[in-house]
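**Student:** have a look at this prediction, sequence included:
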Amino acid sequence: MAPVSPAEAAALARAALGLDDDVRAESHSVRRLDRGGTYWLALFGEPAATVAVAAVDAASGEVLASARLPGRAPQLAVSAERARALAGAPATARVELAWRHSPASRSPLAPFWEVEGAADRAWVDVTGRVWQAPPWEAESRG
């Protein structure tokens, strides 16, 4: 089975959510840190006003989770560039969306940014909080 493209992920999510074809869509790749693999985070609506969101498995096309939203704010309130700045990382740092159930994110619909600079790694959640240690380790420390 071929991997699901960003456009296919958006179409699968659109069908699951019952959204009209004229609702703007974009998909972002999210790396799973809990069991490996990736999923697409499909966002619907204007960039500053997300009306629906879904997580679509990049290998199978299964819609893992979805929700309708009021459209008053962006689902990804922190951009990759802002996450890099908040983490104090250089412009050359790798920044990607990632997810693992943790205090930084309880849902795959709200992944966090993993920022990897030359010397260290940090995680930035949707509120802009910077985690210098893996957030899932904070959960195990209680």
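**Tutor:** Happy to help now that I have it. Predicted model only: the values in this text are computed from it and were never measured.
**Student:** got any ranges where the chain has weak pLDDT?
**Tutor:** 1, 118, 139-142 (pLDDT under 70).
**Student:** let's see that with 50 instead.
**Tutor:** Counting by pLDDT under 50, the low-confidence segments of the chain come to 142.
**Student:** can you give me the strands for it?
**Tutor:** Counting by DSSP state E, the chain has strands at residues 25-32, 38-46, 49-57, 63-68, 94-99, 112-116, 121-124, 130-131.
**Student:** with mean neighbour count and distance to residue 77 as added columns, please give those in CSV.
**Tutor:** Any C-beta I mention is one placed from the backbone N, CA and C, and that applies to glycine too. Below are the strands of the chain laid out as CSV (neighbours: other Cβ atoms under 10 Å; distance: least, Cβ to Cβ, whole Å):
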stretch, mean neighbour count, distance to residue 77
strand 25-32, 18, 13
strand 38-46, 23, 12
strand 49-57, 22, 9
strand 63-68, 16, 15
strand 94-99, 18, 13
strand 112-116, 23, 11
strand 121-124, 22, 11
strand 130-131, 18, 14
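**Student:** domain map for this protein?
**Tutor:** Here the domain parsing of the chain from automatic domain parsing is 6-68, 80-141.
**Student:** same list (the strands of the chain) but as JSON lines, adding distance to residue 88.
**Tutor:** Shown next, in JSON lines, are the strands of the chain (distance: least, Cβ to Cβ, whole Å):
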{"stretch": "strand 25-32", "distance to residue 88": "22"}
{"stretch": "strand 38-46", "distance to residue 88": "25"}
{"stretch": "strand 49-57", "distance to residue 88": "28"}
{"stretch": "strand 63-68", "distance to residue 88": "32"}
{"stretch": "strand 94-99", "distance to residue 88": "13"}
{"stretch": "strand 112-116", "distance to residue 88": "9"}
{"stretch": "strand 121-124", "distance to residue 88": "8"}
{"stretch": "strand 130-131", "distance to residue 88": "8"}
